[in-house]
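Trainee: Sequence plus predicted model, see below.
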Amino acid sequence: MLSFIAKAQKMVEHDQEKESGTLTKFNRAIYMFAGHGFVVLGVIGAILPLMPTTIFLLLAAGCYAKSSPQLYEWLHSNRYFGSYLKNYREKRGTPLPVKIGSIAVLWASIGYTIFFTNTPVYVDVILILIALGVSIHLIMIKTLKKDS
């Protein structure tokens, strides 16, 4: 999965240099619309624990690279999203408070679902396994030092 994302990022950077002037207005509008949609999904992913953020922001960056250099720059310099993209691109890691917050929200939402909704036991087991997998994944991501 990570190699796919890395290849996608290289393609985005290559496409940004190569194709910024060769698209029709209609194609640019489609890419821009898709980019906006991916930004919305990225925002939702920043709030919801089981939905990713970075992949949607990378997809938005790719769409913006093809449709609008201004939006591409806005996304990369955005005070909320720019750090996701920069840290991913430079393979720097995730800040410890983000890891702790993500894991806490993940387990709180899974716990709420298990204890306060009427779900079958097998669904509860699946949710716990998903939460364990996501928690392990987040713990294994390199921790970004505060001074980095």
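Mentor: Here it is on my side, so go on.
Trainee: where does this protein have low pLDDT?
Mentor: Low-confidence segments of the chain, defined by pLDDT under 70, are located at 1-22, 49-50, 146-148.
Trainee: Where do the domain boundaries of it fall?
Mentor: 2-89, 94-144 (automatic domain parsing).
Trainee: Now render the ones you listed as CSV, adding mean neighbour count.
Mentor: (Each C-beta comes from the backbone N, C-alpha and C, glycine too.) Shown next, in CSV, are those (neighbours: other Cβ atoms under 10 Å):
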stretch, mean neighbour count
domain 2-89, 16
domain 94-144, 13
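Trainee: nearest residue to residue 102 other than its sequence neighbours?
Mentor: residue 138 (5.7 Å; Cβ to Cβ, 6 or more residues apart in numbering).
Trainee: if I look at that neighbour, how far off is residue 109?
Mentor: Counting by Cβ to Cβ, to the nearest Å, the gap from residue 138 to residue 109 is 14 Å.
Trainee: Is residue 51 in a helix, a strand, or coil?
Mentor: Assigned by DSSP: H, G, I helix; E, B strand; the rest coil, the conformation of residue 51 is coil.
Trainee: ok, then the element right after the biggest helix by length in the chain?
Mentor: In terms of residue count, the longest helix belonging to the chain (DSSP state H) is helix 25-47. Following helix 25-47 in sequence order, the next helix or strand is helix 54-67 (DSSP states H and E).
Trainee: If anything else comes up later, I'll come back, but that's it for now.
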